[in-house]
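I'll drop the sequence and a predicted model, then ask my questions.
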Amino acid sequence: MKKSSFYKSFFPLWACVLFFCFWSSVLSYKYHCLGYTDWDLALHSQTMWQLTQGSCFNSLLGCNFLANHLNFIAFLFVPIYKVFPSPLTLLFLKVLSYTIGAAVLYKISEKHNGPNVAKFLMLLYAIFPITIFSLSFEFHFESLAVGFLFLMFYFFEEENIAAFFIMAFLTASLKENMPLILITFGIYGFFAKKRKMVWGLALILLGISFFYLGVFVVAPFARKELLVPYVYSAQYQQIGVSSGGNFNFLNFDIFKIAKILFTKSNLSFFLKMFGPLFIALFRLDILFLGSPIILQNMLSSSFQQQTIYYHYTATVLPFIFIATIFALKKFSKVLKRRTYVILFLCILLLSAGRFLLYGVSVWFPRIKYWKNTDQLLKIVISNPPIQSNFQFNYLDYKKKLMKRVPKKVPVLATFEFLPEFSKRPFVYSFHNVFEGRNYLTGDSSFQLSNNVRYALINFYDRWMSIIVDRRGYERAYRFLEDNDWFVSEAFGDIVLFQKDDPEKVRLIERSLKSFLPKEENSGFFISEDFELLKCKTIQVPDNNKLALTFFWKSRSPVKDIYSMIFFIEGSDPTIVYPPRDIGYSVHPTLMWEEGEYIKEKYWLPLPDLKPGSYRLKAIIFNIKNSIISDIKNLKTNNVSKEIIVASFEIE
């Protein structure tokens, strides 16, 4: 082999190997840090696990998985998942798809623009925001389309009929919207190919057949016992799509559609989607191939589809780069070499700047967040002055509690625990309990199976912590109270519940009568609305934590949610814990009624401390305005910004 030929093949091969290894490592790290804080990965992982057991039922969805999306390709992956039954398998398949896309991108670009341009585009592909966002987001079968679509175009160009139709079949089996791309390929084939019956008509008929059978035959059959026809149709009612997924021509208004397409959010989405690769717009014929997905996103009423932060634009990615390849080829023929080089440098500088901008503001902080999802990376509070760079990590405690749940038994959990629990027949998401419904099946009330005996809940869950829902709080409280869920073990806001636990310790209780003797009903006045009567502390040496019992009294209806921040004095540096809502997301202060007494259990984990004396202090603040509350001692009438919760010794 000639030296030049060796280097020619060396770069794309090792660039792809590096790309695959890097992203496999990143996503593995995210997975082991419990960084998947939505339910998509768990949902598809449970689908695969159930298929290996011979069932199409998905307990997270509460129905056949095909009632959600037509992911027929899941059946083809059963042998792989049978051998490697882990959510990581799906993540590696996603990375493999993007890696194949990078290799085929190089191959196509090298053919039309030479190896130097191919290397340049390969680099841009690796740092392109859509690539990074869609890879780092949850798993969706649709994201596997990246490799398939690049291969489809490659075989389309090479006129390899057998390989092309295999890729077309695989692409169409990814999701119900994918057959539309076969139709656009067929239309494109009528104009670009001589054999119009094969590359045009046959492909159009295949796309129409696949779409019709999926959307109008298989999907209705999978949803025949559900209360709502198709939940995602609601996102397109403004353009004439009925709730059943049918198109109503009487509601079709071209001017209304044009108005939707040219909204401010869509124009912003369009600019972010293409970024520095604006030259792709000079090859609208190539972009036409991906037009069904572009229009699907732009016409949706779901704001997430008009952003690049999720998986929705992954399917557009191949067409942006293929259009760029052919646009560069076109410019190379009409521009002088100097102008052509300047164009390259502009694209490179804009891409690098965009990469650094997203990196500093989004990606690098997000990687830190995976490792420390329950903490503030740096907490600086003034008045009183508390400053600490100490990072308290709950990850080990989470994994310890996860191991307490027996394998294969039914379990209820918040989002971050679902992927690991997905390898069992019955796993349920706590957000359905909080919302009190199953939006996919149309059930107005969520009914948890009676055979569920374990629930692992992080009340600082990302999804729960950003939602203020009075009815949701009441549902959560009633769920724990009425179904005899007792605390088995807990660390901070992470609580493992077990039905009929012999200790029968309740997380939170409320009453119109005090839980304390009359002489102890005087403590600390927090605000005009409530007071802390007492805090009992037990040091648990074996588990290295403090068991705290707070006794609160509501003097009048509390209008806002209040949080506490604990910090340990006596350590160097001062240990500052992340904020935690008083009353958890079960019965926060917002729900407290006049004259109500609340008894709240909280288990505060302790880090490794040197032998000595320590004091646990806390501040209380209003989440709405971030104002730290004045705390008045009702016995001494002294007012302070902090309260001594407990004093303890480490031997």
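Looks like it came in fine.

got any ranges where the stretch 251-400 of the chain has weak pLDDT?
251-253, 356, 358-392 (pLDDT under 70).

looking at the protein, which helix or strand does the model trust least?
strand 379-381 (a mean of 39; mean pLDDT, DSSP states H and E).

List the residues that contact Thr529.
Actually, residue 529 is Asp. It isn't Thr. Ser554, Arg555, Ser556, Pro557, Val558, Lys559, Thr589, Trp592 (CB atoms under 8 Å, 6 or more residues apart in numbering). Yep, even glycine has a C-beta here, placed from its N, CA and C like the rest.

Looking at these, which two lie furthest apart in space?
Within the contacts of Asp529, Arg555 and Lys559 form the most distant pair, 12.6 Å apart (CB to CB).

Just want to know which of the two has more residues nearby.
Arg555 (16 against 12; other CB atoms under 10 Å).

mean confidence for stretch 488-506?
Stretch 488-506 shows a mean pLDDT of 85.

Just the buried positions in that stretch, please.
Neighbour-count burial for stretch 488-506 flags Ser488, Glu489, Ala490, Phe491, Gly492, Asp493, Ile494, Val495, Leu496, Phe497, Gln498, Asp501 (criterion: 16 or more other CB atoms under 10 Å).

Report the separation between the nearest residue to the first one once chain neighbours are set aside and Gly523.
Distance criterion CB to CB, 6 or more residues apart in numbering; nearest residue to Ser488, sequence neighbours excluded, is Gln498 at 4.0 Å. For Gln498, the distance to Gly523 equals 32 Å [CB to CB, to the nearest Å].

Dump the buried residues of stretch 488-506 into TSV; add secondary structure as well.
Compiled in TSV, the buried residues of stretch 488-506 are given as follows (DSSP: H, G, I helix; E, B strand; the rest coil):
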residue	secondary structure
Ser488	strand
Glu489	strand
Ala490	strand
Phe491	strand
Gly492	coil
Asp493	coil
Ile494	strand
Val495	strand
Leu496	strand
Phe497	strand
Gln498	strand
Asp501	coil
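
So which of these is the closest to Phe221?
Phe497 (37.6 Å).

Verify the stated contact: that closest one with Ile457.
Yes: counting by CB atoms under 8 Å, Phe497 touches Ile457, with 6.8 Å between them.

How much space separates Ala618 from Phe133?
Taking CB to CB, one finds Ala618 at 38 Å from Phe133.

which residues touch the nearest residue to Leu66 once chain neighbours are set aside?
Taking CB to CB, 6+ apart, and ignoring the residues beside it in sequence, Leu66 has Ala222 as its nearest neighbour in space, at 4.1 Å. By CB under 8 Å, 6+ apart, the residues touching Ala222 are Cys63, Asn64, Leu66, Ala67.

Find me the pLDDT at the last one, would you?
Predicted confidence (pLDDT) for Ala67: 87.

if we can go back for a sec, any chance of the contacts of Ala222 in TSV, plus distance to Asp469?
Listed next are those as TSV, based on distance: CB to CB, whole Å:
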residue	distance to Asp469
Cys63	25
Asn64	29
Leu66	31
Ala67	26
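
closest to Ser585 among those residues?
Cys63 (27.1 Å).

I'd assumed Lys224 was in contact with the closest one.
No: Cys63 lies out of contact with Lys224 (CB under 8 Å); the separation is 10.2 Å.

neighbour-wise, which of the two wins?
Cys63 (20 against 10).

who touches that one in this structure?
Phe57, Ala222, Arg223, Glu225, Leu226, Leu440, Thr441.

what pLDDT does it get?
Reported pLDDT for Cys63: 85.

Okay, buried residues for stretch 125-142 please.
Buried, per 16+ other CB under 10 Å, within stretch 125-142: 125-126, 128-142.

What about these, which are in helices?
Counting by DSSP state H, the part of the buried residues of stretch 125-142 found in helices is Tyr125, Ala126, Pro129, Ile130, Thr131, Ile132, Phe133, Ser134, Leu135, Ser136.

Now the two most distant members of these.
Tyr125 and Ser136 (15.3 Å).

just the buried members of the contacts of Asp529?
For the contacts of Asp529, buried by 16+ other CB under 10 Å: Ser554, Arg555, Val558, Thr589, Trp592.

distance of the fourth one from Ile494?
Same thing as Thr589. With distances taken as CB to CB, Thr589 is found 21 Å from Ile494.

before we move on, what about the last one?
For Trp592, the distance to Ile494 equals 24 Å [CB to CB].

next one: the first one
In this view, Ser554 and Ile494 are 26 Å apart by CB to CB.
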